[in-house]
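>>> With the input below, show me the fold.
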Amino acid sequence: MTESSFRWDQSDLTGRTTDSGTPAFSGVTDPAAERAEHMLLHSSVARQGGRLPATTVDEAALFPLLQNAYGFGRWHSWCRTDKGSSNISWFVQTDVGMVVLRRSHNLKTVAGAQFESALIEHLRGHGYPAPPIQRTQDGAIYVQVHGVLHMVMGLLPGRAYDPADGAQLEAAARGLGRYHSIVSELTPMGESKRSSSLASLGQLGQENLYAAVNVVLPLLPTDAAAGVTSEAQYLADRMEQLNVGLGQRQKDMRSLVIHGSYGQSAVLVDGHRLTGVLDFDRSAHDLLALDLAYALRSFCREVPIRHDGPAVNLDLCRTFLRHYRSQTSLTDADLAALPEVFQAQRLVVIAKKCQNLLTKQAVLPRQPKDALNFALLLHRECARVRWLTDNPFPITEDT
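Numbering: from 1, shown residues only. The predicted structure follows:
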């Protein structure tokens, strides 16, 4: 890849771009730009499935281009992080210190990057430990290379979360509660919209499930194919039941800008103090219960993990909820919905996996190993959803 083939879009938070490389602005300093940033926080587009096959990154060609875009002097060295399945990130040593470079997956849009940046600025304005986004020399929040977005963020202090440390569990719970408290004012523009996560379980999600099954069936042994067909029918039925049931209850449930992946890998700690919260890539307006269920599954998981047993430890859930509620309120409707939300989360994962498989099938026909992996995924998630359906344990502080 040569520099002449590199397209660098300069974008501010209002979404202006120039194809020539001429800066569209220099920083967010005027009232119009500040109003645009505020408006962004009241609208978002949730990320759906449809990921293309991963491609190899030509670091030798990419990094000099990014070095020229940012004002950090020379980029001396870099190494891939060991976290993250959607994006690729590197720790980069520059003349001015260490930064983190993130290469987004193909589903990341300019609008998504703008919303994420505005959200992080809002959080940091309230003293929340979100990573600062580093702008280019021309004030842009990202650099786009061959249609892929690249963002650089400041390095936050702290270490990885230790699940054996109860005090860190409490700090993480307070961190989510504080996050929800800060974003509670960011209501969507216009009428309240239906949860995009629940919507993905509707007709299109069910059709994608059957379409994905039809792709893999010819590649599977006869006995495995029969199991996949049966499990797909069960999962499609649960999709419809939850799509309707939770959809009818949504008016009583709280919506806000959820983090989207607030789990163990998204937090940094120093001793018993929360020093960093990462991974705002999936943030969008949706149901608070989805965020809470994700966090409970991550921080309060049963060890060892069982596919046919409880997803969480109820004692840890009780502790998490108590410290979460020290920072923000939680409605009875959201608590009551959690058993079904746990199921919905697993089904949303399936819906996205099916869409990803269909997208990749259009580019590169699936192979027997892909079919076996999909069959294993369906079997594992079906067992989880069956258990959660048959054992709808309540999640309360008195559990």
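>>> Validate this expectation: residue 226 resides in a helix.
Yes - checked against DSSP: H, G, I helix; E, B strand; the rest coil, residue 226 lies within a helix.
>>> ok, now how distant is it from residue 367?
From residue 226 across to residue 367, the span is 21 Å (CB to CB, to the nearest Å). No exception for glycine: its C-beta is placed from N, CA and C like everyone else's.
>>> ok, now which ones touch the residue most central in space within the chain?
Residue closest to the mean C-alpha point of the chain, counted by CA atoms, centre = their mean, is residue 282 at 3.0 Å. By CB atoms under 8 Å, 6 or more residues apart in numbering, residue 282 lies in contact with 46-47, 259-261.
>>> quick one: low-confidence ranges for the stretch 251-399 of the chain?
Applying pLDDT under 70 to the stretch 251-399 of the chain flags the ranges 305-310, 396-399.
>>> And the pLDDT for the residue of the chain positioned farthest from its centre?
Distance from the C-alpha centroid of the chain, by CA atoms, centre = their mean, peaks at residue 222 (36.1 Å). The model reports residue 222 with a pLDDT of 89.
>>> All the strands of the stretch 151-300 of the chain, residue numbers only.
For the stretch 151-300 of the chain, the strands defined by DSSP state E, counting those that start in this stretch occupy 159-160, 255-258, 267-270, 273-277, 284-287.
>>> Serialize those to a markdown table and add fields for distance to residue 214 and mean neighbour count.
Shown next, in a markdown table, are the strands of the stretch 151-300 of the chain (distance: least, CB to CB, whole Å; neighbours: other CB atoms under 10 Å):
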| stretch | distance to residue 214 | mean neighbour count |
| --- | --- | --- |
| strand 159-160 | 41 | 12 |
| strand 255-258 | 33 | 24 |
| strand 267-270 | 40 | 20 |
| strand 273-277 | 41 | 19 |
| strand 284-287 | 30 | 24 |
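>>> re the thing from before, counting neighbours, which of the contacts of residue 282 comes out on top?
Across those, neighbour numbers were computed from other CB atoms under 10 Å; residue 259 holds the maximum, 26 neighbours.
>>> which residues does that one contact?
Under the contact definition (CB under 8 Å, 6+ apart), the residues listed for residue 259 are 176, 179, 266, 277, 279-280, 282-283, 291.
>>> likewise residue 227?
Counted by CB under 8 Å, 6+ apart, residue 227 has contacts 375, 379.
>>> any idea how far it is from residue 288?
To residue 288, residue 227 is 36 Å away according to CB to CB.
>>> cool, residue 259 as well?
For residue 259, the distance to residue 288 - CB to CB - is 10 Å.
>>> before we move on, what about residue 223?
Relative to residue 288, residue 223 is positioned 43 Å away (CB to CB).
>>> Same question for residue 81.
29 Å.
>>> Counting residues, what is the longest helix that the chain contains?
helix 332-363 (DSSP state H).
>>> Just give the nearest non-adjacent residue to residue 287, would you?
With CB to CB, 6 or more residues apart in numbering as the criterion, residue 287 has its nearest non-adjacent residue at 5.0 Å, and that residue is residue 195.
>>> picking that back up, can you name every helix or strand that the longest helix of the chain contacts?
Counting contacts by 3 or more CB pairs under 8 Å, 6 or more residues apart in numbering; DSSP states H and E, helix 332-363 is packed against helix 196-199, helix 203-216, helix 222-249, helix 288-299, helix 368-390.
>>> out of those helices, nearest to residue 92?
Among the helices and strands packed on helix 332-363, helix 288-299 comes nearest to residue 92, with 27.7 Å by CB to CB.
>>> Can you show me the CA trace of the closest one as CSV?
This file holds the C-alpha atoms of helix 288-299, laid out as CSV (Å, rounded to 0.1, in the frame of the first residue of the first chain):
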residue,chain,number,x,y,z
LEU,A,288,-30.5,-0.7,31.1
ALA,A,289,-31.3,-4.3,31.9
LEU,A,290,-29.1,-5.5,29.0
ASP,A,291,-26.1,-3.7,30.5
LEU,A,292,-26.8,-5.0,34.0
ALA,A,293,-27.3,-8.6,32.8
TYR,A,294,-24.0,-8.4,30.8
ALA,A,295,-22.1,-7.2,33.9
LEU,A,296,-23.7,-9.8,36.2
ARG,A,297,-22.8,-12.6,33.8
SER,A,298,-19.2,-11.3,33.6
PHE,A,299,-18.4,-10.3,37.2
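>>> ok and it relative to helix 332-363, angle-wise?
An angle of 80 degrees separates the directions of helix 288-299 and helix 332-363 when computed by axes from the mean of the first three to the mean of the last three CA atoms, to 10 degrees.
>>> what comes up buried for helix 288-299?
288-299 (16 or more other CB atoms under 10 Å).
>>> Of these, just say which sits nearest to residue 118.
residue 291 (18.5 Å).
>>> How is the protein divided into domains?
Residue ranges for the domains of the chain, per automatic domain parsing: 3-155, 166-390.
>>> Count the residues that sit near residue 302.
14.
>>> And it, its phi and psi?
Main-chain dihedrals, residue 302, degrees, to the nearest 10: phi -70, psi 140.
>>> Distance of it relative to residue 346?
Distance from residue 302 to residue 346, by CB to CB: 15 Å.
>>> what does residue 283 give?
From residue 283 over to residue 346 (counting by CB to CB), the distance is 21 Å.
>>> Show me which of these two is the more surrounded one.
Per other CB under 10 Å, whichever of residue 283 and residue 346 has more neighbours is residue 283, with 25 against 19.
>>> mind listing what the more buried one touches?
By CB under 8 Å, 6+ apart, residue 283 lies in contact with 44, 115-116, 119, 257-260.
>>> I'd like the buried residues of helix 288-299 as CSV, with distance to residue 234 appended.
As requested, those are exported to CSV (distance: CB to CB, whole Å):
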residue, distance to residue 234
288, 28
289, 23
290, 22
291, 27
292, 26
293, 21
294, 23
295, 27
296, 24
297, 21
298, 26
299, 29
